[in-house]
Every structure is written in structure tokens, then in C-alpha cells.
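K.L.:
A structural model of the following input is requested.
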Amino acid sequence: MPLRVTLPPTLRDRLAAADRPLAGMWVCTGSPTVAEICAGAGLDWLLIDGEHSPIGLETTTELLRAVAPYPVTPVVRAPSGDAVVLKQLLDLGAQNVLVPMVDTAEQAADVVRAVRYPPRGVRGVGSALSRGARWNRVEGYMRDADRYVSLFVQVESATAVDNAADIAGVDGVDGVFVGPSDLAASMGLLGQQTHPEVVVAVRRAVDAVRAAGKPVGVNAFDPEVAQAYLDAGATFVLVGADVALLARGSEALADRWSGGAGE
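P.N.:
Next comes the predicted model:
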């Protein structure tokens, strides 16, 4: 008899059970070793970035395998809300998916359909062939697939902030993540994520999502900014990235031992 596999809790489940905000970091290098090091650091969740990194489907699979032994929740950011890409990510074993650049409730509803099996959605059926269902070793996977998958969408434009309440209100959207970098760019403030107008927009989105009864997260590498958003009601945050830690750490070594030769 084959083993019966029990999948770990989703990010939706972890947020619902948490008595404090959940802190995480980006995984962008594509290195399973780096991902495993980050997974064992004691953070609550990791974001495997398929949008702004060279991480494709095969690499995503290896990263998920690398972090699986650790009590950390991996979330995979898709490059887009394309239904084919989302189907592939779910089939390779991504239980928690973050979709970028969702500006309207209609777009959010399309993404929800993409991650659900018919008749509620359009996800292709291939569980017998896929790691997501552990090759049909997760009992009742297709019947209970909605329970095994959590979907988060990104609000990262001025238009999306205006529509944040409607986006969060879409059935099947488990939470919203606010991206200040693209939001700043959409407001004509490229590179100014902490500009007062951007901060106000982020807080508007936080308030709207919370009012809709959904968890809301935000990206903020500056500890004071991150804490301010947590104080404003965010319940999950990203506070660093593997590539940023390596860049800043190696620069500090150069400053200390090489006289800042890289400048």
C-alpha cells in the first residue's frame, strides 16, 4: 500500500491560527542551498519569487523540496495571473500562490477560477501526474483541493488601492499583499516607497482589506516602516531578501577589509 500524505497548513490557515503577525523573507537566488538556509532561520514564511528572479518551474520544484523539512510556509509568487502558469505551479506543489498586479475585482475573480477545479473554476485536472497531489497519495485531493490551496493577490498600483475593498471581497481570495515599490511607481514616485503619499496609499489599502475581513500583508525592508505597517493592521510582512542580505553583507565585508574598493 502506498503512503498516505498529509499536506502542511496553508498560509491562510497559519494566519487564521496566529496570535501575532507572521514575518518572512524573499527567496530570489534560485539556490536550493540558500533556500534551505533561509528556511531554517526561524521565520514564519518564505516568498519564492517567480516574477522578478530567474526562478522557473523546475527550480521552484527544487526550492519547495529544499524547504519542505522545515516549519516554514513557502509562498510562490507567479510571474502573472495566467491560468496555465498557475495550473503548473499548483501541480508542481505550490500550495500558496501570490499573484502580482491585480488591479480589479474582475481580475481577482479570474485568478480564483484559475486555481479551482471545475465546476467552480478552470484548473486543469492532472493530480495523478503531479507533485501537488503527491501523485494521488493525498487522499481526496481533488475533492478537497480548495482546502489545500491558498491564494493571495497583490495590490500594487493606485488603481488597485482604489479597488482594494472589492478585490479583497472576492470569494476565494484569501488575502492581499501590498507592494509599495510598484505602487510608488504608479503614483509617479519611482523608487520612493516611503514617500508620505505612498505610505498613505498603503495604509488606505490596509484599512480597506481589513474592513473586508481578509488578512493584509506588506513588503517593508526598513524595520521601522515594517513595524509602522504592522501597527496599522498588517498581519504578515516581508522584511528581507536573500539577495539583499548577500549584497549588503558582502559590501560590509569590503568596507571593513578592502577599504570599500568596490566603490
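K.L.:
For the stretch 1-150 of the chain, just list every one of the helices.
P.N.:
Here the stretch 1-150 of the chain has its helices, by DSSP state H, counting those that start in this stretch, at 11-17, 32-39, 57-67, 83-92, 105-114, 145-148.
K.L.:
would you turn these into JSON lines with mean neighbour count and distance to A247?
P.N.:
Any C-beta I mention is one placed from the backbone N, CA and C, and that applies to glycine too. Conversion of the helices of the stretch 1-150 of the chain to JSON lines gives the following (neighbours: other C-beta atoms under 10 Å; distance: least, C-beta to C-beta, whole Å):
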{"stretch": "helix 11-17", "mean neighbour count": "18", "distance to A247": "27"}
{"stretch": "helix 32-39", "mean neighbour count": "19", "distance to A247": "13"}
{"stretch": "helix 57-67", "mean neighbour count": "18", "distance to A247": "20"}
{"stretch": "helix 83-92", "mean neighbour count": "20", "distance to A247": "27"}
{"stretch": "helix 105-114", "mean neighbour count": "20", "distance to A247": "32"}
{"stretch": "helix 145-148", "mean neighbour count": "17", "distance to A247": "36"}
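K.L.:
closest one to P215 among those?
P.N.:
Closest approach to P215 among those is made by helix 11-17 (4.7 Å; C-beta to C-beta).
K.L.:
Can you name every helix or strand that that closest one contacts?
P.N.:
Here helix 11-17 touches strand 22-27, strand 73-77, strand 150-155, strand 175-178, going by 3 or more C-beta pairs under 8 Å, 6 or more residues apart in numbering; DSSP states H and E.
K.L.:
Turn the helices of the stretch 1-150 of the chain into a markdown table, including mean pLDDT and distance to R77.
P.N.:
Shown next, in a markdown table, are the helices of the stretch 1-150 of the chain (pLDDT from 0 to 100; distance: least, C-beta to C-beta, whole Å):
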| stretch | mean pLDDT | distance to R77 |
| --- | --- | --- |
| helix 11-17 | 98 | 12 |
| helix 32-39 | 98 | 14 |
| helix 57-67 | 98 | 10 |
| helix 83-92 | 98 | 9 |
| helix 105-114 | 98 | 13 |
| helix 145-148 | 96 | 19 |
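K.L.:
just so I know, which of those lies nearest A252?
P.N.:
helix 32-39 (18.2 Å).
K.L.:
Could I have the CA atoms of that closest one written out in CSV?
P.N.:
Output of helix 32-39 as CSV, limited to C-alpha atoms (Å, rounded to 0.1, in the frame of the first residue of the first chain):
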residue,chain,number,x,y,z
PRO,A,32,18.2,25.3,-3.0
THR,A,33,21.0,25.6,-0.5
VAL,A,34,20.2,29.3,0.1
ALA,A,35,16.5,28.5,0.3
GLU,A,36,17.2,25.8,2.9
ILE,A,37,19.4,28.1,5.0
CYS,A,38,16.6,30.7,5.0
ALA,A,39,14.0,28.0,5.8
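K.L.:
change the start of the numbering to 40 and stick with it
P.N.:
Noted, 40 is the first residue going forward, which turns the last one into helix 71-78.
K.L.:
what's it packed up against?
P.N.:
Counting by 3+ C-beta pairs under 8 Å, 6+ apart, helix 71-78 packs on strand 61-66, strand 84-88, helix 96-106, helix 281-296.
K.L.:
where's V136 relative to A56, distance?
P.N.:
20 Å (C-beta to C-beta, to the nearest Å).
K.L.:
cool, P235 as well?
P.N.:
35 Å.
K.L.:
pLDDT wise, what is S166 at?
P.N.:
Per-residue pLDDT puts S166 at 88.
K.L.:
got the contact list for it?
P.N.:
Residues near S166 by C-beta atoms under 8 Å, 6 or more residues apart in numbering: D130, A172, N175, Y180, M181.
K.L.:
tell me, how many neighbours does the second one end up with?
P.N.:
Yep, that's A172 we're talking about. By other C-beta atoms under 10 Å, the residues close to A172 number 23.
K.L.:
Repeat that for the last one.
P.N.:
Neighbouring residues of M181 were enumerated by other C-beta under 10 Å; the total is 14.
K.L.:
Sweet, I'm off.
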